[in-house]
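Asks: this one's structure only:
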């Protein structure tokens, strides 16, 4: 059974004239790294809020269709229960960091869940080590850089050991180098711990290579859903205005010019460079 499944999911915010998401039907398997992308305002953030129960339990509005997460029907279970299964990292880390030290921020969720003190200590240290911010544990969050704050926000979610981690454009305030480091951390957590990872992101140059599965939204609907190499090679993805990775575009140009590059279409410069080396080997 998929760890996340929606059927004809439609949601309209209070006072809105039309739905933010409409007839969304997707399946996300356990352990997948899923990339959700699409133009601004297409419903990506709204969909993420459904995954952890903020919709319909915090944002009222009108929810139609079905959504199941970790075997739970989201409308029938409170946010605190869903939070043990799904962790959400917001776009701006400052929105979820508010105590006087990094360590206390990472412990906050565990305190609310009533985790015993000894277990809490172990989990906090584990999450801080895993995200590389253990040396900063006594620092105040507002003293940290944007990249460090984002790592702390991820650590605070990981400490709760959810089955699913959802990240809503977690690097929108970072430069490309800072973003690259955060994506590497997220990918490593997915590979090593098997945590199902749902990443909302525009920067496909930096993220497409990590994904097992890509979902493209437009106008509140899912318009493409499948394997990244196939989806990003499609004309439909280009027409929607998704930022197709530069390596993918260059590969298509080289093929058009008659250069024979074998195998799947590349999603990163590293993949493209390897294909070019193979094509010219011995030449």
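Replies: Yep, it's here. As the structure is a prediction and not an experimental result, all values here were calculated from the model.
Asks: now do the end-to-end distance for stretch 84-91.
Replies: 20 Å (C-alpha to C-alpha, to the nearest Å).
Asks: in that stretch, what's buried?
Replies: Within stretch 84-91, the residues that count as buried by 16 or more other C-beta atoms under 10 Å are 85-91. Quick note: C-beta positions are derived from backbone N, CA and C, even for glycine.
Asks: measure residue 258 to residue 125 for me?
Replies: 57 Å (C-beta to C-beta, to the nearest Å).
Asks: same check, this time on residue 193
Replies: 16 Å.
Asks: before we move on, what about residue 63?
Replies: Residue 63 is 39 Å from residue 125, by C-beta to C-beta.
Asks: what is the mean pLDDT for the host helix or strand of residue 166?
Replies: Using DSSP states H and E, residue 166 falls within strand 164-168. Averaged across strand 164-168, the pLDDT comes to 95.
Asks: all strands for the stretch 1-150 of the chain, in order.
Replies: 4-12, 21-28, 33-37, 62-69, 72-73, 86-89 (DSSP state E, counting those that start in this stretch).
Asks: tabulate these in CSV, adding columns for mean pLDDT and distance to residue 264.
Replies: As requested, these are exported to CSV (pLDDT from 0 to 100; distance: least, C-beta to C-beta, whole Å):
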stretch, mean pLDDT, distance to residue 264
strand 4-12, 98, 26
strand 21-28, 97, 22
strand 33-37, 97, 16
strand 62-69, 97, 31
strand 72-73, 96, 36
strand 86-89, 93, 30
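Asks: show me the shaky parts of the stretch 151-283 of the chain.
Replies: Judged by pLDDT under 70, the stretch 151-283 of the chain has its weakly predicted residues at 282-283.
Asks: please repeat the previous calculation with a cut-off of 80.
Replies: Where the stretch 151-283 of the chain drops to pLDDT under 80, the residues are 172-174, 258-263, 279-283.
Asks: will you turn the strands of the stretch 1-150 of the chain into JSON lines that also has distance to residue 147?
Replies: As requested, those are exported to JSON lines (distance: least, C-beta to C-beta, whole Å):
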{"stretch": "strand 4-12", "distance to residue 147": "28"}
{"stretch": "strand 21-28", "distance to residue 147": "27"}
{"stretch": "strand 33-37", "distance to residue 147": "20"}
{"stretch": "strand 62-69", "distance to residue 147": "29"}
{"stretch": "strand 72-73", "distance to residue 147": "33"}
{"stretch": "strand 86-89", "distance to residue 147": "13"}
